[in-house]
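>>> pasting a predicted model and its sequence here:
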Amino acid sequence: MHLVIDKYGRSFKTLRVSLLSRCNLGCVYCTTGEDEIKENNHHSPLLSADELLQCIEKLHSVLNLETIRFTGGEPLLYHQLTEIITGVKKIGIQEIKITTNGFLLDRMAQPMKDAGMQSINVSLDAVDEDVFFLISRRSHVKKVLDGIDAALKAGLKVKINAVIMKGINDSQILPLLDYAFERKITIRFLEIMAMGHLHKDPLKYLFTQEEILNKVSAKYVFNKMLRKYSSTSNYWLTEDGHVFGIIANESEPFCHDCNRLRLDSDGNIFGCLSSNHPISIKNIDNKEKLIDQLQEALLQKQAIKFVGSDLSMLHIGG
Ligand code: SAM
């Protein structure tokens, strides 16, 4: 087995695959408005499931990947989703996960589970309909909530991710926490990251880990848990046994043991969210050349701190 490893001992063990750049929400952190959403949905590049599986298999042959996570854009809009899950299972990657906005989860939870999906992260930034609209530019939060119920019923492991933006949805921290705790779901709050159009003004909407903890402490007593190697999240355990996390890119960066590699829907790899220099692997059929490309991607990782990039998460995959 070839080793692709950097001077900090970091390698790639988790692959995040952006299946498409199209999305059925228009979240304010990903896009600037309806024109950009329309434009983006029109130009979304797309490899077929076979082409994507070829890229994934090539990467697995060198990296012996442990986990794959499908993302996007909105991965549930990818029309060959179940085929690609089955394909990844055949390739032999042990853990198959997905990050979704949950809008289509009601009907997709069971087919995904049947195809081999084990675990899903649902992005839910508000439980209040008006705040949900404010952040996602779309209505019907109930569709997402019904999707979460369907996923639990199908036996999928569910986590909730909520990006917190100062002045937009910080009022939702306790309602989201209560919603998740009632269903015994782990919830993680994310500090806003300097991606896409937010790269120019990174601190404008930042609601820090400390501010989030202050809000939670109004209702809950909690203790910090030990962080697991390569985890994106810090976790806390409440006195009544519930777990919540915070992904604190800004306050407590976790670049030092990051093991994530990203593949976009056009067959490009990225070693770090802070890089918008795509490295194409779709036409590479030589293992030595692929290793060179992976070494180059590894050099994109930051030593200490996430700095962001002009690329929206919609393209590179969250
Ligand atoms: N459409 C899917 C979803 O909503 O989960 C997958 C793609 S989305 C880009 C993945 C995750 O990235 C979501 O949880 C979203 O909230 C998060 N995200 C996007 N832009 C972000 C930013 N600037 N800062 C923090 N999180 C962001």
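The structure has been received and is ready for your questions. Residues are numbered from 1 along each chain as shown.
>>> I'd say residue 308 and residue 202 touch.
Yes - if you go by Cβ atoms under 8 Å, residue 308 and residue 202 touch, sitting 6.2 Å apart. Any C-beta I mention is one placed from the backbone N, CA and C, and that applies to glycine too.
>>> which residues are in contact with each of the two?
residue 194 (Cβ atoms under 8 Å, 6 or more residues apart in numbering).
>>> between these two, tell me which one has more neighbours.
Taking neighbours as other Cβ atoms under 10 Å, residue 308 and residue 202 compare with residue 308 leading, 20 against 16.
>>> show the backbone phi and psi for that one.
Main-chain dihedrals, residue 308, degrees, to the nearest 10: phi 80, psi 180.
>>> that one and residue 5, how far apart?
Separation of residue 308 from residue 5 (Cβ to Cβ, to the nearest Å) stands at 25 Å.
>>> next, the contact list for residue 150, please.
The contact partners of residue 150, taken as Cβ under 8 Å, 6+ apart, are 105, 106, 107, 109, 110.
>>> buried subset of those residues?
With burial judged by 16 or more other Cβ atoms under 10 Å, the buried subset of these is 105, 106, 109, 110.
>>> nearest to the ligand among these?
Of all the buried ones among the contacts of residue 150, residue 105 has the smallest distance to the ligand: 10.6 Å, by Cβ to the nearest ligand atom.
>>> hmm, the closest one is touching residue 151, no?
Yes - in this structure, residue 105 is within contact of residue 151 by Cβ under 8 Å, at 5.7 Å.
>>> overlap in contacts of the two?
Listed as contacting both residue 105 and residue 151 by Cβ under 8 Å, 6+ apart are 120, 122.
>>> give me the contact list for stretch 28-45.
With Cβ under 8 Å, 6+ apart as the test, stretch 28-45 has contacts from 20-23, 26, 73, 134-137, 163, 165, 168, 192-193, 195-198, 205, 264-266, 312-314.
>>> any idea of the mean pLDDT in that stretch?
In this model, stretch 28-45 has an average pLDDT of 83.
>>> intersect the buried ones among the contacts of residue 150 with the contacts of the ligand.
Near the ligand, judged by Cβ under 6 Å from any ligand atom, there are no entries from the buried ones among the contacts of residue 150.
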